[in-house]
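Peer 1: Give me coordinates for this.
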Amino acid sequence: MLVLAALSSSGQVSVLTYHNDLERTGHNLEERILTPWTVSSGQFGQLFSDTVDGPVYAQPLYMPEMNIPGKGVYDVVFVATEHDSVYAFDADGVATAPLWHVNFTNSALGISTATAESLQCESIAPEIGITSTPVIDATTGTLYVVAMTSEHSPDNYVQRLHALDVATGAERPGSPVEIQASTPGAGDGNTTVRFKPGFYKQRPGLLLLNGVVYTAWSSHCDAGNYHGWLIGYDSKTLQQVVVYTDTPDWYAGSFWQSGAAPAADENGNIFIISGNGTFTADHGGSDLGESIIKLSTTNGLSVADYFTPFNNVLLSQKELDFGSSGTLLLPRGTGSPAHPNLLVSGSKEGSIYLLDRDNMGHFQPNDDSQIVQSLPSAVGPIFGIPVYFNNTVYFSGADDVLKAFSIRDGLLSERPISQSVTTFPYPGTVPSISALGSQNGIVWLIDSAAQLHAFDAMHLEKELYRASVGSYVKFSTPTIASGKVYVGTMNSLVAFGLLNQASVDAIVNAANFQPGPVAPGSIVSIFGSNLVPRATSARTVPLPTELGRFSLLVNGVPSPIFFVSPTQVNAQIPYEVSVGRGTAIGMVGGNPSPPVTLTIDPSAPSLWLLGQNQALVQNQDGTINGPEHPALAASIVTAYLTGQGMLDVPIPTGSAAPRDPLIGAAAQVSATVGGLDAEIRFAGMAPGAVGVFQVNLRIPTLAPGDYQLAVEVGASISNTALLTVGR
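Peer 2: Presented below is the predicted three-dimensional model:
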């Protein structure tokens, strides 16, 4: 079942939240088609543009293979606008009209967006509706979004949290809910701090964490007696479950982060940065203006830790908000033994702060030497959030170049290891990254001249691409998914990708994505561009030889197909193909792609992998082998492969293996674990599956640990992968 799931969804990525994940890394490490070469080849450019009814401050979100009732299966990109609209568009641009569109205004009932004029704040103009990036719960198919409206009179403002069905845009039961909140003041206990909807815009992206949707709030141009609020709602019922304000003693301390969403770690802690405001925590108070705040969600919301710069008063006085940036949580392995869990952020002052998330340092009055590292004036003023890739953190400050700082032994390099030639004026940019694992890294960003840029992540002096997107929205964040780049503008969604006709660029083993020989009956992955308009999976067995108007001919023989997408196809090499040199041609709507050569061997076994190098092995008790579920020495385990070659009893190409009789490889099969021979109990086609070979083997008597597993079929040896043995 794991193998079949991989074949039906390989290469598909979702972008369901701001900057891709809860750590806010900003990277998509599953991008196979956009490489430095393809982007700079002259074949990359604007594909299409979809018109919307207002400025797009929110980052576009993306979900593949969605069934839209009455319309079919689409990859979908979601766009929210300041005119209080949410759109679902065909991410491939084939359907030019929105798949669905909802709007939260109603002129007949006197419900409109708020205006910058009535709010006396031009930071977002001319209207304010939906500002922050929504969040999607893929398990329930629900999109959460906050909309501001003006109702019945110009100064009667309402903020609502909506929960929408991602397939239709319809409101979920109990949706929407009006946002109201209050919390006790920290003084004598008799005061109450109240949330006033007209004082706030919902600026940071939404956070969905452990069944709670968190909304964070900023002021309009620092007007009124405002506070920084974090308000949480149960994702199923939309009932308010938690309220926190960072300045209960006095006022200010907005949460705005230039649109960046709060970050969260694996323990359920939330990290958020407050802007200019009162700070009293150093002498027994509760106000945490100009601070990075760590909030525990174990029992409501409580301050677990914080860091406040030594010069916080000066930062507030000079409007050099610490809160102009978001928090980026660095992955495990980037820290040191003393500080394993790190957080990095910047400020309007242009300083970089590296913190221990487990001991953030609080405040000391003379300097910031209590934290892991600070780099004063290392970059231009930061409006947005840095991005992480391959032990490197990228910053793009105002009136500065794009800069890359390496991280080694838990410290950032004091100077950039790479930087762009291009300088970006105010307000700088918010970078995102696409890559395939640690390879083919590209930094994408949108500047204030309304230009999309692409830089080689390893060599920022190499600009790969630059083009106009039409119009600019500040703090705009590009979304990269499945070979395309999506940008929100003042009135549109613009999509970029490869322009050329369909091409097949590579054919690799589907089990480990490695090039090399294949065998008759092998499952392979074909990577290319413009293969089909949208992702589709085969629904029947025997498998079809055409899916989504795509077919594959290997030496002229049609190949059964599991799955197709614009950039990847999973297929089976026909058993009828002869051993030797082969040629594969993709047929798209009857038009052939340029041919790709491949080598066909009698057998080419390859172990299916989980993660980087863990073999897909089922333990004797039915669990999947790994560090959390090791196999016992001398127990029987089942390893899964493809590429066994010809069979002792033929199976029609594209058909599932029968359960009776069991069918084995024509060639002899053997296996080793940790270099020791393993007893083979059964080696044959997995019943009910297409092209999947299983080997049931007894693990040799080995001490607990990870061991290399290898399987030999005929004269060919598989790749090696880890098998975990325990007690």
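
Peer 1: contacting residues around G626?
Peer 2: Contacts for G626 were tallied using Cβ atoms under 8 Å, 6 or more residues apart in numbering; they are 610, 614, 724. (Glycine included, C-beta is placed from N, CA and C.)

Peer 1: where in the stretch 151-300 of the chain is pLDDT low?
Peer 2: Counting by pLDDT under 70, the ranges of the stretch 151-300 of the chain that qualify are 186-190.

Peer 1: Now which of the contacts of G626 would you call buried?
Peer 2: Neighbour-count burial (16 or more other Cβ atoms under 10 Å) applied to the contacts of G626 gives 610, 614, 724.

Peer 1: about what we covered before: in TSV: the contacts of G626, plus secondary structure.
Peer 2: Converted to TSV, the contacts of G626 look like this (DSSP: H, G, I helix; E, B strand; the rest coil):
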residue	secondary structure
L610	strand
Q614	strand
T724	strand
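
Peer 1: ok, A138 touching L61?
Peer 2: No. The criterion here is Cβ atoms under 8 Å, and A138 misses it with L61 at 10.5 Å.

Peer 1: who has more neighbours, these two?
Peer 2: L61 (27 against 10; other Cβ atoms under 10 Å).

Peer 1: how much space is there between the closest residue in space to that one that isn't next to it in sequence and T17?
Peer 2: Counting by Cβ to Cβ, 6 or more residues apart in numbering, F78 is the residue found nearest to L61 once chain neighbours are left out, at 4.4 Å. According to Cβ to Cβ, to the nearest Å, F78 stands 12 Å off from T17.

Peer 1: For those two, list the residues in contact with both.
Peer 2: Common neighbours of F78 and T17 (Cβ under 8 Å, 6+ apart) are 61, 136.

Peer 1: With neighbour numbers in mind, choose between these two.
Peer 2: More neighbours surround F78 than the other of F78 and T17, with 30 against 22 (other Cβ under 10 Å).

Peer 1: pLDDT below threshold where in the stretch 451-600 of the chain?
Peer 2: 500-501, 590-591.

Peer 1: switch to 90 and redo it
Peer 2: 482-483, 497-506, 512-515, 528-535, 548-549, 553, 555-556, 565-567, 581-597 (pLDDT under 90).

Peer 1: what's across from L552 in the sheet?
Peer 2: G586 (DSSP bridges).

Peer 1: hang on, it packs against I585?
Peer 2: Yes. Using Cβ under 8 Å, L552 makes contact with I585 at a distance of 7.4 Å.

Peer 1: neighbour count winner among the two?
Peer 2: Shown here are L552 and I585; by other Cβ under 10 Å, L552 has more neighbours (28 against 16).

Peer 1: Which residues does the strand or helix carrying the residue nearest to L61 contact?
Peer 2: Using DSSP states H and E, F78 maps to strand 72-80. Strand 72-80 is contacted from outside by 50, 52, 56, 58, 60-68, 86-92, 95, 99, 130, 133-134, 136, 143, 145, 166, 479, 481-482, 486, 488, 493, 495, 534-536, 566, using Cβ under 8 Å, 6+ apart.

Peer 1: I'd like the next helix or strand past that strand.
Peer 2: Counting by DSSP H and E, what follows strand 72-80 is strand 85-90.

Peer 1: burial count for the closest residue to R681 other than its chain neighbours?
Peer 2: Counting by Cβ to Cβ, 6+ apart, N696 is the residue found nearest to R681 once chain neighbours are left out, at 4.3 Å. Per other Cβ under 10 Å, the neighbour tally for N696 reads 17.

Peer 1: what does M458 give?
Peer 2: If we define neighbours as other Cβ under 10 Å, then M458 has 18 of them.

Peer 1: Next: the one 4 residues further on.
Peer 2: Using other Cβ under 10 Å, the number of residues around K462 comes to 15.

Peer 1: Report the spatially closest residue to it, excluding sequence-adjacent ones.
Peer 2: K462 sits nearest to D456 (Cβ to Cβ, 6+ apart), 4.0 Å away.

Peer 1: so how far is P69 from that neighbour?
Peer 2: Per Cβ to Cβ, D456 is found 43 Å from P69.

Peer 1: Check P154 too.
Peer 2: 39 Å.

Peer 1: between the two, which one's more packed in?
Peer 2: P154 (13 against 10).

Peer 1: just to revisit the earlier point, what about the residue nearest to R681, helix or strand, and which?
Peer 2: Assessed by DSSP H and E, N696 sits inside strand 693-698.

Peer 1: quick one: average pLDDT of that strand?
Peer 2: Across strand 693-698, pLDDT averages out at 98.

Peer 1: Give me the contact list for that strand.
Peer 2: Contacts for strand 693-698 (Cβ under 8 Å, 6+ apart): 605, 634-644, 665, 669, 671, 673, 678-686, 711, 713.

Peer 1: Describe which strands that strand pairs with in its sheet and in which direction.
Peer 2: Partners of strand 693-698, by DSSP bridges, with direction: strand 636-642 (antiparallel), strand 676-685 (antiparallel).

Peer 1: How far does it sit from its chain's centre?
Peer 2: 35 Å (Cα atoms, centre = their mean, to the nearest Å).

Peer 1: before we move on, what about stretch 300-312?
Peer 2: Centroid separation between stretch 300-312 and its chain, computed with Cα atoms, centre = their mean, is 28 Å.

Peer 1: distance between the ends of that stretch?
Peer 2: 28 Å (Cα to Cα, to the nearest Å).

Peer 1: Stretch 160-171 now?
Peer 2: Stretch 160-171: ends 12 Å apart by Cα to Cα.

Peer 1: likewise stretch 569-584?
Peer 2: 13 Å.

Peer 1: can you list contacts of stretch 352-371?
Peer 2: 265, 269, 271, 279, 281-282, 292, 294, 305-310, 312, 329, 335, 339-347, 372-375, 378-379, 395, 405, 411-412.

Peer 1: one more time with 6 Å, if that's ok
Peer 2: 282, 305-310, 339, 341, 343-346, 372-375, 378, 412 (Cβ atoms under 6 Å, 6 or more residues apart in numbering).

Peer 1: next one: stretch 664-678
Peer 2: Contacts of stretch 664-678 (Cβ under 6 Å, 6+ apart): 603, 644, 646-648, 680, 683-684, 695, 697, 699-700, 702, 707, 709-714, 723.

Peer 1: Just the buried positions in that stretch, please.
Peer 2: Within stretch 664-678, judged by 16+ other Cβ under 10 Å, the buried ones are 664-667, 669-674, 678.

Peer 1: what's the answer for stretch 307-326, then?
Peer 2: Buried, per 16+ other Cβ under 10 Å, within stretch 307-326: 307-312, 315-316, 320-326.

Peer 1: again with stretch 218-235
Peer 2: Buried-residue list, stretch 218-235, by 16+ other Cβ under 10 Å: 218-220, 222, 226-233, 235.

Peer 1: which one of the contacts of G626 sits closest to N625?
Peer 2: Using Cβ to Cβ, T724 is the member of these that sits closest to N625, with 5.7 Å.

Peer 1: check contacts around that closest one.
Peer 2: 625-627, 630, 706.

Peer 1: what's the distance between it and G488?
Peer 2: With Cβ to Cβ as the criterion, T724 and G488 are 45 Å apart.

Peer 1: Can I get the buried part of the contacts of strand 72-80 as one PyMOL selection?
Peer 2: Command for PyMOL that selects the buried part of the contacts of strand 72-80, burial taken from 16+ other Cβ under 10 Å:
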select buried, resi 50+52+56+58+60+61+62+63+64+65+66+68+86+87+88+89+90+91+92+95+99+130+133+134+136+143+145+166+479+481+482+486+488+493+495+534+535+536+566
